[in-house]
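Engineer: Build me a model from this:
(one chain, ligands or ions: 1)
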Amino acid sequence: MKHILVIHTGGTISMHEANGQIIPDTHNPMHDIQFTTDTHMQVTSVDLFNLPSPHITPHHMLTLYQELKLRLPDYDGAVITHGTDTLEETAYFLDTMQLPKDKPIALTGAMRSSNEIGSDGLYNFSSALRVVANDKSIGKGVVVVMNDEIHAAKYVTKTHTKNVSTFQTPTHGPLGLLTKQDILYFQIPEERVRFELTCVSGTIPIIKAYAGMGEELLKLINPETIDGIVIEALGAGNLPPDSLTHIKELTAIGIPVVLVSRCFNGIAEAVYGYAGGGVDLAVSGVMFVKELNSQKARLKLLIALNSGLTGNELKTYIEG
Ligand SMILES: NC(=O)C[C@H](N)C(=O)O
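Structural biologist: Modelled structure (predicted):
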């Protein structure tokens with residue numbers, strides 16, 4: 001018998017529709033589910049938060065991590081229900097923390113609230129429980145289970161405002177999928193550095209590059225009010241030449257500047273040798289993050305800074 005911990009945090013999965021609006025419920029509809037079909041599973045539920053996920057901050061992520069660290073030793077795995085808007089960020093945060101490797105953790109949510117036609121909450125919830133209860137999920141890291149697919153926390157992203165197949169993994173594809181009777185994995189997530197945090201603070205804004213970008217936004221940033229900055233650059237990792245002065249000033253005074261690509265697929269690399277090209281940026285001290293989108297690169301930098309990484313150690317971790 002598998003004993004699964006469920007931690008609810010809110011999101012559409014726990015909301016309902018009334019008068020054309022999706023609104024939070026005081027009672028989580030996931031508590032009403034009777035798991036009569038699976039006698040091999042015992043579920044214990046905790047209502048940690050009841051928040052729309054745009055209200056989730058890194059402090060909530062840390063609280064969730066602490067809750068998991070405390071409770072997970074008594075269980076075989078955990079399912080976390082979460083709003084989909086920032087689900088990928090919480091999943092990435094947890095996947096970057098020290099948690100027992102032999103206890104599967106899955107996040108899930110819904111694109112349709114509990115009383116809407118075709119509501120996907122119950123189905124995704126029960127799928128996530130199936131994934132966590134299955135021994136094949138051991139050692140796969142934190143995963144996101146939605147719409148019959150299993151995605152690695154590191155790569156998954158929300159791609160559609162309302163489609164139930166919104167969660168996708170660009171470049172790599174999902175780790176696995178659920179069939180009616182089984183769970184199949186066809187990829188193994190790579191090992192990575194994990195941290196043990198007791199606090200998380202800092203200001204790291206994200207700026208997106210665009211054709212003709214100048215200094216208009218960058219010059220508004222007071223370096224004393226930020227701990228780092230993430231730039232969603234063009235293509236393989238390039239910026240318009242008129243945007244460079246402040247970026248180079250920031251790196252010169254030791255503010256970490258981290259770059260990702262605004263492309264949906266592929267990896268940012270320093271390959272172009274013109275003004276504002278990746279080579280120019282790398283020489284100026286800009287750090288290239290491989291394979292993460294900007295919202296996860298921001299968490300990567302936040303976690304690294306809160307763990308005390310600086311200088312070359314920081315660069316090696318950020319670019320690794
Ligand atoms: N589908 C959802 O869960 C979206 C909702 N706005 C949330 O993230 O809380």
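
Engineer: Distance from the chain centre to stretch 111-120, please.
Structural biologist: Here stretch 111-120 is found 23 Å from its chain centre; the criterion is Cα atoms, centre = their mean, to the nearest Å.

Engineer: That one and the ligand in contact?
Structural biologist: Yes - with Cβ under 6 Å from any ligand atom as the criterion, the ligand is reached by stretch 111-120 at residue 111. The C-beta positions use only the backbone N, C-alpha and C, and glycine is treated the same way.

Engineer: Endpoint to endpoint, that stretch covers what distance?
Structural biologist: 7 Å (Cα to Cα, to the nearest Å).

Engineer: Pull out the buried residues from it.
Structural biologist: Applying a neighbour-count criterion of 16 or more other Cβ atoms under 10 Å, one finds 111, 112, 113, 114, 116, 119, 120 buried in stretch 111-120.

Engineer: which of these sit farthest apart?
Structural biologist: Across these, no pair lies farther apart than 111 and 114, at 12.0 Å, counting by Cβ to Cβ.

Engineer: any idea how far residue 101 is from the ligand?
Structural biologist: 28 Å (Cβ to the nearest ligand atom, to the nearest Å).

Engineer: wait, what's in contact with the residue in the stretch 201-320 of the chain that the ligand sits nearest to?
Structural biologist: The minimum distance from the stretch 201-320 of the chain to the ligand, using Cβ to the nearest ligand atom, falls at residue 295 (13.3 Å). Residue 295 makes contacts with 86, 88, 89, 206, as judged by Cβ atoms under 8 Å, 6 or more residues apart in numbering.

Engineer: Now with 10 Å, please.
Structural biologist: By Cβ atoms under 10 Å, 6 or more residues apart in numbering, residue 295 lies in contact with 86, 88, 89, 92, 157, 158, 206, 230, 232, 260.

Engineer: Residues in a beta bridge with the fifth one, which ones?
Structural biologist: Spelled out, that is residue 157. According to DSSP bridges, the partner residues bridging residue 157 are residue 168.

Engineer: so it sits right up against residue 296, yeah?
Structural biologist: Yes - at 8.4 Å, residue 157 counts as touching residue 296 under the criterion of Cβ atoms under 10 Å.

Engineer: what residues do the two have in common as contacts?
Structural biologist: Joint contacts of residue 157 and residue 296 (Cβ under 10 Å, 6+ apart) are 88, 89, 92.
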